[in-house]
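A.B. asks: The following comprises the amino acid sequence and a computationally predicted model.
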Amino acid sequence: MTPLGLFLTKKSVNRAMVSRRTGISQARLSQLSSNESTKLRADELYLIALAIDIDPCELLMEVFKGLKLPKE
């Protein structure tokens, strides 16, 4: 499961509701939630955050918390 999928599961988010509110298909949400190689676009992240009524920065920080700048 992807970090997005884990976050949505932890928050007990109804993916059908997210799909209706955002226009992102349930199939795409499923890919974003379960397939590590699927890339989450910024517009999708923003719409998902709005749909579940959280600050987009909170979702961004949770989904990409393992991302670090390379050492110089």
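C.D. replies: Here it is on my side, so go on.

A.B. asks: drop to CA atoms for contacts and neighbour counts, all remaining ones
C.D. replies: Noted.

A.B. asks: All the helices of the protein, residue numbers only.
C.D. replies: Ranges of helices within the chain are 3-10, 15-22, 26-34, 42-51, 56-63, based on DSSP state H.

A.B. asks: List just the one of those that sits closest to P70.
C.D. replies: helix 56-63 (17.6 Å; CA to CA).

A.B. asks: What angle do helix 42-51 and that closest one make with each other?
C.D. replies: Here helix 56-63 runs at an angle of 110 degrees relative to helix 42-51 (axes from the mean of the first three to the mean of the last three CA atoms, to 10 degrees).

A.B. asks: contacting residues around helix 56-63?
C.D. replies: Residues outside helix 56-63 that contact it (CA atoms under 8 Å, 6 or more residues apart in numbering) are P3, L4, F7, L45, Y46, A49, L50.

A.B. asks: What residues sit buried inside it?
C.D. replies: P56, L59, V63 (16 or more other CA atoms under 10 Å).
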